[in-house]
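Colleague: Could you look at this predicted model? Sequence included:
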Amino acid sequence: MTLTNFDKVEALPTTSKEVQKLGWSQLDVILFTGDAYVDHPSFGVAVIGRVLESLGLKVAIVPQPNWKDDLRDFKKLGQPRLFFGVTAGNMDSMVNHYTANIRLRSNDAYTPVDKAGFRPDYPTIVYTQILKKLFPDVKVIIGGIEASMRRLTHYDYWQNTLKKSILVESGADFLFYGMAEKSVKEFALLMQKGASDKNLQSLNQVSYIIDSKDEIFASKKWESVELFSYEECLKDKINYAKNFKVIEEESNKWTSKQIIQKVENKYVVVNPPFPLTSTKEIDEIYDLKFTRKPHPKYKNKGDIPAFEMIKNSINIHRGCFGGCSFCTISAHQGKFIVSRSEKSILSEISQIIADKDFKGHITDLGGPSANMYKMQGEDLEICKKCKRPSCIFPGICKNLNTSHQELINIYRKVREIKGINSVTIGSGIRYDILIDNENDASKTKYLSELIKNHVSGRLKVAPEHTSDNVLKIMRKPSFELFKKFKTKFDKISRSQNLNLQLIPYLISSHPGCKTEDMADLAIETKKLNYRLEQIQDFTPTPMTLSTVMYYTELNPYTLEKVYIPKKQSEKLNQRMFFFWYKKENRQNIINELNKINKPDIVKQIFG
């Protein structure tokens, strides 16, 4: 996209006045979202809107519709020619609304001035049910992280119950899981041709409900696997645990099977994802025209914090092969890395520089993990046979190319661009793939370049815990690797006369975590002279291994028992070990350690 065209781009319409101004009598597709509308490639609804627009379709977006009044926001644009699309937004609404202790949050980063209250709980369900009632003959498709992670039977922490597929609860016609640009595009093209439901059900990366297994789209190109039914999962948690192992393995395979699950007297069908997105295909998405700003309707309504955080950042790849137990990235984006071309990345930077408000600071060149750009298997034939959830746990795959040279080249080219004063890396660094093979010169070089040029005061990394017992359950490397990484970080920082800090993210109350593990955390962080800030309590979210363990108290891969800290009092007690240095916590910590007969640990923490 040239800078001239960039200046002329307009946001997609959100009101009937904007639609009339464009001279449109009827819209082809209307998209509803729980977020404010920011026309930027980091916001899913904007990407889907622009993909549909690129097909020549008339598309509008209705952000944060009022679901409590006479429903005028759902009626104002009329009936679309093809379909409605619904997403809760960039975040799961329940994570957005509630803390790990299920306390209502007072803020919402995806709304102007961080104001809460502009979306319901489970907006995917609420919006869809309203649309199906108002327009029963129009297809409604759902997508985004909330729908994607609830495509099959799932545990819901906020209601403390096992729930059916969100397709059943919402009444939607189709669910598009993962990064859905391809499936939505193909769906729209078929809808334009008047395709039957049978044809629509033949698409990759879609989920739908049918009355009988005889109706399932039959194709020799797909193998299928049937899970235990929703009812069987309700009856026995072991069935739910076994289901998860199948789902996770299929989510991480090069060629996946079609997944079928009976719910009541119907069947939820999840078709396999599309083949891995190519660099050319991902470039085409980022080359679509975006204003890169919030819709003009928000002009005098204050900043949208989520946009302010990413407006000068660049996403250079998708996917993550880390496979952390508590993370949804691989289930949503896949474990195989899809990287943008250098040309596409530099083109997006030229757009940022062209913005009159740009002050010269690029705040991130990253992705789900900062340093996985262009990494993949040396021999892809080996990858095609693999079903490991992680390429780097319990050890780094010998077939994985972890060279950082391509990333170093990108950093250097961006730094040389006129108009850029600084580039910092905001995404998390996977230090285990930096420490693994010290004979790889690119890793030492990358760490040096990172520290010298791309850290502004602090670098945040995520060891998540210090106890090897807990880290094993998390699928994270030993804390010894963090200490080794910290030694290197500090050495390079001192050699450059830089006063930099390495800030660890840590989690309490994760499955497997006991009082003695949190005591270990207090001891280890004390040795390293940390006064912790970046901490969190574990929150069970749908479709993660950790959440399945939380609900079933079993490891789905071994069916062995896992200790789960579930009581609110225990969670709060674990949390206070982060802040062992505060006087008000001292006696409570001593009491907890005396309960488990560990007076020696008291001396290590407070001696």
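Modeller: Cool, got the structure.
Colleague: what does stretch 471-480 contact?
Modeller: Under the criterion CB atoms under 8 Å, 6 or more residues apart in numbering, residues 322-326, 389-390, 392-394, 432, 463-468, 507, 510-512, 524, 545-546, 549, 555, 562 lie in contact with stretch 471-480. C-beta coordinates here come from the backbone N, C-alpha and C atoms, glycine included.
Colleague: do stretch 519-532 as well
Modeller: 465-467, 479, 483, 486, 504, 506, 508, 577-581, 589, 593, 598, 601, 604-605.
Colleague: and if we set it to 6 Å?
Modeller: 466-467, 577-578, 580, 601, 604-605 (CB atoms under 6 Å, 6 or more residues apart in numbering).
Colleague: Now, the contacts of stretch 471-480 that are in strands?
Modeller: With DSSP state E as the criterion, strands contain 463-464, 507 from among the contacts of stretch 471-480.
Colleague: Just the closest of these to residue 228, please.
Modeller: Nearest to residue 228 out of these is residue 507 (CB to CB; 29.7 Å).
Colleague: per-residue pLDDT, the closest one?
Modeller: Residue 507 carries a pLDDT value of 97.
Colleague: Which strand residues bridge it?
Modeller: residue 536 (DSSP bridges).
Colleague: rewinding a little: just the buried subset of the ones in strands among the contacts of stretch 471-480, please.
Modeller: 463-464, 507 (16 or more other CB atoms under 10 Å).
Colleague: May I see the residues you listed arranged in a markdown table, with distance to residue 187 as well?
Modeller: Formatted as a markdown table, these follow (distance: CB to CB, whole Å):
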| residue | distance to residue 187 |
| --- | --- |
| 463 | 42 |
| 464 | 38 |
| 507 | 38 |
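Colleague: In the stretch 1-150 of the chain, mark out all the strands, start to finish.
Modeller: Taking DSSP state E, counting those that start in this stretch to define them, one finds strands in the stretch 1-150 of the chain at 29-33, 38-39, 59-63, 83-87, 139-143.
Colleague: Within the sheet, what are the partner strands of the fourth one, with directions?
Modeller: In this case it means strand 83-87. Going by DSSP bridges, the partners of strand 83-87 are strand 29-33 (parallel), strand 139-143 (parallel).
Colleague: how about those in CSV, adding mean neighbour count and distance to residue 449?
Modeller: Putting the strands paired with strand 83-87 into CSV (neighbours: other CB atoms under 10 Å; distance: least, CB to CB, whole Å) gives the following:
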stretch, mean neighbour count, distance to residue 449
strand 29-33, 28, 38
strand 139-143, 26, 38
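Colleague: Of all those, which one comes closest to residue 453?
Modeller: Between the strands paired with strand 83-87, strand 29-33 lies closest to residue 453; by CB to CB that is 36.9 Å.
Colleague: where does the closest one sit relative to the chain's centre, distance-wise?
Modeller: 21 Å (CA atoms, centre = their mean, to the nearest Å).
Colleague: any idea which residue sits dead centre in the protein?
Modeller: The residue lying closest to the centre of the chain (CA atoms, centre = their mean) is residue 329, at 4.6 Å.
Colleague: pLDDT score assigned to it?
Modeller: 92.
Colleague: And for residue 597?
Modeller: The model's pLDDT for residue 597 equals 91.
Colleague: Please name the nearest non-neighbouring residue to residue 120.
Modeller: residue 126 (4.6 Å; CB to CB, 6 or more residues apart in numbering).
Colleague: how much space between the one you found and residue 216?
Modeller: Distance, residue 126 to residue 216, using CB to CB, to the nearest Å: 29 Å.
Colleague: And the two? Which one has more around it.
Modeller: residue 126 (20 against 17; other CB atoms under 10 Å).
Colleague: The more buried one contacts residue 132, doesn't it?
Modeller: No. Between residue 126 and residue 132 there is no contact under CB atoms under 6 Å: 11.2 Å.
Colleague: quick one, phi psi at residue 256?
Modeller: phi -100, psi 160 (degrees, to the nearest 10).
Colleague: Residue 250 is in contact with that one, correct?
Modeller: Yes. Counting by CB under 6 Å, residue 250 is a contact partner of residue 256 at 4.5 Å.
Colleague: Those two: which is more packed in?
Modeller: residue 256 (22 against 19).
Colleague: Could you check how far that one is from residue 477?
Modeller: For residue 256 relative to residue 477 (CB to CB), the value is 27 Å.
Colleague: Equivalent analysis for residue 140, please.
Modeller: 43 Å.
Colleague: what about the residue lying closest to residue 314 once chain neighbours are set aside, which SS state?
Modeller: Spatial nearest neighbour of residue 314, chain neighbours left out: residue 365 (5.2 Å); criterion: CB to CB, 6+ apart. Following DSSP: H, G, I helix; E, B strand; the rest coil, the label given to residue 365 is strand.
Colleague: residues near residue 365, how many?
Modeller: Neighbour tally, residue 365, other CB under 10 Å: 24.
Colleague: Make a markdown table from the strands of the stretch 1-150 of the chain and add distance to residue 150 and mean pLDDT to it.
Modeller: Output for those, formatted as a markdown table (distance: least, CB to CB, whole Å; pLDDT from 0 to 100):
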| stretch | distance to residue 150 | mean pLDDT |
| --- | --- | --- |
| strand 29-33 | 17 | 98 |
| strand 38-39 | 24 | 98 |
| strand 59-63 | 22 | 98 |
| strand 83-87 | 12 | 98 |
| strand 139-143 | 9 | 98 |
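Colleague: So which of those is nearest residue 262?
Modeller: strand 139-143 (20.7 Å).
Colleague: for residue 459, phi and psi?
Modeller: According to degrees, to the nearest 10, residue 459 has phi -120, psi 120.
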